[in-house]
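Asks: Got a predicted structure here, sequence first:
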Amino acid sequence: MNRGRRLLMGALAIILLASCTGRETPTADIRQPTVAPTATTQPTEKAAESATVSPVNTATSIPTNIPTKSASASPEVTQISPYVSYYHLLPPGQYLIYKAPSSLGAKFNVISLDGSFERTFVDGIESQLVTFTRDGKRMAVLSGETMETSQLIVYDLVENTNWSFEAEDCYESSFSPGGTKVAVGCPRADYGWGINIFSLEDQTITLLTNWLDLHINGGRPSWSPNGEWVAYLRFLLPSDNPDKNGFYITRTSCLNNPGTCEEQTEGPFLSGETLYSQDTFITWSPDSRFLAVNKGVNVNNVQIVDIQTGEERTLISPNDFGAVVSIAWSPDGQWLAFGKGTGDSEGGWIDIYLISPWTGGTILLKQQGGIVYGWFTVPQPFAPGDTYAITEAGANLNLRASPSLDAAILAKLQPGDTITILEGPVQADGYEWWKMRTTDGVEGWAANIPEWYEKQ
């Protein structure tokens, strides 16, 4: 049964238990408070590179974040045999990737945060086992003649290059932040699963975890945006030791000495009576502090876990939406996108919603959309000497001493403030950073999220 049908039909749930704490994170550059809010309160401080989260509590409200130039600005289309990429047709903005029902063809579409821009992103993909980098420029496909995969192929959608690995019966994958490594759940030769790390740089494969009892689709690996962790699901079948069940995170620094990976693993997370299925997904907040997970008998519940404090809270309850078939956290940290089955199993339709992780306010983004696969950002085309004004969406933009989430905050920019681009970009902590100067003469670094800037 392919992934699309499984997501619509639901899956048998398996009892899991879990809990834990995680690392201390620096002040971050996404919309998250220093103390985790409840699902009904607005964060009092956004430790963000932008900061103002507009509470949205109706399905008819529309976010103000929009792409800033016409999609016809670039006519380029990239042919990546056997696929076609339309990356070059995308204006700056945050985009959600979703897989349209198979009845509409083998294509992945993108839609902008406000729903005003939508088009085909990659065409010709029959496989459901696909993942994308956070900049949208690379795509990993697990493919074979049937759902039993035989190869992992990584395509660069901009440079028209690819890498291939043998990956027999592997299932689900996740890119490292720079797109140079892929975490993949693969079966052991004897029993159980392991999380393998495929390196595009040196064509090596390193074992990150090696659980005899890792069963759900290879553990659903999910690489944190800061690159420090890979999260995955582990459970026992039958559950003879439920204290070991749940989500784990393993430090990727152990790849330098793979024999230490087990001791650099933390978990399990999400304690208590918890149900998971093969339709459970993990998504990280952009600052790598929070994990959001869909679970429940009919995957109708979404919980958020703070890996720094171990605090967990319910964002979506079982009676709120019904089946939540996929989830993905937006690059600016303001939204979780999720798919909701419509009950039209023949058409394969899934409605796409946005929900605020902090207030619980929801938006119906796309009726009859598809399975959510992730977000990516097409940044503003900054160049030294350019002048931009900060928008309402970029309120409290952190200007930092260096291009890092750990760097000191020199100023918090407000809507209407004007900056001049000095140099860049630098890729760090999952963001594209540029050095800029304010009209007051303060020079520092800020992340390039397109909706936070307006060209002057």
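Replies: Yep, that arrived. Numbers count the residues shown, from 1 in each chain.
Asks: Strands of the stretch 101-250 of the chain, start to end?
Replies: For the stretch 101-250 of the chain, the strands defined by DSSP state E, counting those that start in this stretch occupy 107-112, 118-123, 130-132, 138-143, 151-156, 161-166, 171-175, 181-187, 193-199, 205-211, 222-223, 229-234, 246-251.
Asks: Let me know which of these is tucked in deepest.
Replies: Neighbour counts averaged per stretch over the strands of the stretch 101-250 of the chain are highest for strand 229-234, at a mean of 28; criterion: mean count of other Cβ atoms under 10 Å. Any C-beta I mention is one placed from the backbone N, CA and C, and that applies to glycine too.
Asks: all helices for the protein, in order.
Replies: 3-9, 318-321 (DSSP state H).
Asks: can you give me the mean pLDDT across the shortest one?
Replies: Translated: helix 318-321. Mean pLDDT, helix 318-321: 74.
Asks: What residues sit buried inside it?
Replies: Residues of helix 318-321 classed as buried: Asp320, Phe321 (neighbour count, 16 or more other Cβ atoms under 10 Å).
Asks: who's in contact with Ile195?
Replies: Neighbour list for Ile195: 183-186, 207-209, 214, 218-219, 221, 230, 232, 250 [criterion: Cβ atoms under 8 Å, 6 or more residues apart in numbering].
Asks: ok, what's across the strand from it?
Replies: Gly185, Thr209 (DSSP bridges).
Asks: any idea how far Pro221 is from it?
Replies: The gap separating Ile195 from Pro221 is 5 Å, by Cβ to Cβ, to the nearest Å.
Asks: who touches both of those two?
Replies: If you check Ile195 and Pro221 against Cβ under 8 Å, 6+ apart, the residues they both contact are Ala183, Val184, Gly185, Val230, Tyr232.
Asks: Helix or strand with the lowest mean pLDDT in this structure?
Replies: strand 14-16 (a mean of 28; mean pLDDT, DSSP states H and E).
Asks: Can you tell me how far the residue nearest to Asp429 when sequence neighbours are not counted is from Phe338?
Replies: Closest residue to Asp429 apart from its sequence neighbours, by Cβ to Cβ, 6 or more residues apart in numbering: Leu405 at 4.6 Å. Distance from Leu405 to Phe338, counting by Cβ to Cβ: 26 Å.
Asks: quick one: which of those two has more around it?
Replies: Between Leu405 and Phe338, counted using other Cβ atoms under 10 Å, Phe338 has the larger neighbour count: 29 against 25.
Asks: contacting residues around that one?
Replies: 294, 302, 316, 321, 324-328, 352-353, 355, 372.
Asks: Quick check: it vs Leu207, distance?
Replies: The span separating Phe338 from Leu207 equals 32 Å under the rule Cβ to Cβ.
Asks: same deal with Lys412?
Replies: Shown here: Lys412 relative to Leu207, a distance of 44 Å by Cβ to Cβ.
Asks: Likewise for Cys254?
Replies: 10 Å.
Asks: one step back: closest one to Arg400 among the strands of the stretch 101-250 of the chain?
Replies: When those are compared by Cβ to Cβ, strand 229-234 sits nearest Arg400, at 22.6 Å.
Asks: ok, that closest one: who's next to it in the sheet?
Replies: By DSSP bridges, strand 229-234 pairs with strand 222-223 (antiparallel), strand 246-251 (antiparallel).
Asks: Tell me where the model's unsure across the stretch 251-400 of the chain.
Replies: Of all residues in the stretch 251-400 of the chain, those with pLDDT under 70 make up the ranges 271-278, 296-299, 342-348.
Asks: Would you map the strands across it?
Replies: Counting by DSSP E, counting those that start in this stretch, the strands of the stretch 251-400 of the chain are 265-269, 274-276, 282-284, 290-295, 301-306, 312-316, 324-329, 336-341, 350-355, 362-366, 371-378, 387-390, 397-400.
Asks: Those into JSON lines, with extra columns for distance to Leu422?
Replies: As requested, the strands of the stretch 251-400 of the chain are exported to JSON lines (distance: least, Cβ to Cβ, whole Å):
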{"stretch": "strand 265-269", "distance to Leu422": "40"}
{"stretch": "strand 274-276", "distance to Leu422": "48"}
{"stretch": "strand 282-284", "distance to Leu422": "31"}
{"stretch": "strand 290-295", "distance to Leu422": "33"}
{"stretch": "strand 301-306", "distance to Leu422": "36"}
{"stretch": "strand 312-316", "distance to Leu422": "40"}
{"stretch": "strand 324-329", "distance to Leu422": "30"}
{"stretch": "strand 336-341", "distance to Leu422": "34"}
{"stretch": "strand 350-355", "distance to Leu422": "34"}
{"stretch": "strand 362-366", "distance to Leu422": "36"}
{"stretch": "strand 371-378", "distance to Leu422": "21"}
{"stretch": "strand 387-390", "distance to Leu422": "11"}
{"stretch": "strand 397-400", "distance to Leu422": "12"}
